[in-house]
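>>> pasted the sequence and its predicted model underneath.
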Amino acid sequence: MNQRFYDFSKATVQRMARALWRAQASGTENVPRDGPLIVACNHVSYLDPPVMGSFCPRRISYMAKKELFTIPVLGSVIRGLGAYAVDRDGSATAAIKRSLEVLRRGGTVGIFPEGTRNRGGDVMPQAGVALLASLAKAPVVPACILGSDRALRLGKIKVAFGPPLALPADRKASRDTLAKFTGEIMSAIGTLAESMSGNT
């Protein structure tokens, strides 16, 4: 990924988000500045990856469904912001391997645990984020974006980052442990959403 193109894309998206949707971010101090990191965010709009990524202090790489790369403009933007394609109908092995490569280089991976847009809040989160955290020994920063589903009405967009969460590093995580950790991540995202909803 070209750093200059990434920086340009990030700055452009952030300026656009501030101008059109009065976007603002909070909790950026919770994002560790180095070391492997996973950022786990809710997902309600196609705008979530570029907008959340533009406000993240770290250079972030995304798992994104391959169909998004065929959308004019959006495909170029998310590619410029470090997204890589995932075939949701294929094997998850390639996506996990690619994400581990990023993490083991000390990079940041952005994941939407619900796996798809979840406007109604009825999509069950997947355990992939917890599995990656376990395999890479990486902390997870919960993130939340609100208002992106109302972008066409030019409503305000808010982004928030919470304190990092981590699995115990001294033992292999069981399936139950991964499920519990996934629940903790989603709970932290929900807490951010409640806090943001209360701050107009």
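Alright, I've got the coordinates.
>>> the one residue sitting closest to the centre of the chain and residue 187: what is the separation?
Per C-alpha atoms, centre = their mean, the C-alpha nearest to the average position across the chain is that of residue 110, at 3.6 Å. Using C-beta to C-beta, to the nearest Å, residue 110 is found at 19 Å from residue 187. The way it works is simple: take the backbone N, C-alpha and C, and place the C-beta from them, glycine included.
>>> how about the residue nearest to residue 14 when sequence neighbours are not counted, what does it touch?
Using C-beta to C-beta, 6 or more residues apart in numbering and skipping the chain neighbours, the partner closest in space to residue 14 is residue 54 (4.0 Å). Each residue near residue 54 by C-beta atoms under 8 Å, 6 or more residues apart in numbering is listed here: 9, 10, 11, 13, 14, 17, 81.
>>> repeat that with 6 Å
Residues in contact with residue 54, defined by C-beta atoms under 6 Å, 6 or more residues apart in numbering, are 10, 13, 14.
>>> which parts of this protein are helices?
With DSSP state H, the ranges of helices along the chain come out as 3-21, 48-55, 74-80, 93-104, 128-136, 175-198.
>>> is it possible to get a markdown table of those that adds distance to residue 66?
Converted to a markdown table, the helices of the chain look like this (distance: least, C-beta to C-beta, whole Å):
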| stretch | distance to residue 66 |
| --- | --- |
| helix 3-21 | 19 |
| helix 48-55 | 13 |
| helix 74-80 | 10 |
| helix 93-104 | 10 |
| helix 128-136 | 16 |
| helix 175-198 | 24 |
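>>> now the nearest residue to residue 134 once chain neighbours are set aside: phi and psi?
Nearest residue to residue 134 in three dimensions, chain neighbours excluded: residue 173, at 4.2 Å (C-beta to C-beta, 6+ apart). Backbone torsions of residue 173, given as degrees, to the nearest 10, read phi -80, psi 130.
>>> residue 173: neighbour count?
Neighbour count for residue 173, taken as other C-beta atoms under 10 Å: 18.
>>> how near is the residue nearest to residue 14 to residue 144?
Distance, residue 54 to residue 144, using C-beta to C-beta: 15 Å.
>>> repeat that for residue 60.
Going from residue 60 to residue 144 by C-beta to C-beta gives 15 Å.
>>> over to residue 2?
Residue 2 sits 29 Å away from residue 144, going by C-beta to C-beta.
>>> same deal with residue 194?
Using C-beta to C-beta, residue 194 is found at 9 Å from residue 144.
>>> settle it for me: which of these two has more neighbours?
residue 144 (25 against 10).
>>> so the more buried one bridges to which residues?
Note on residue 144: beta-bridge partners by DSSP bridges are residue 160.
>>> just list the residues touching it, thanks.
42, 160, 189, 192, 193.
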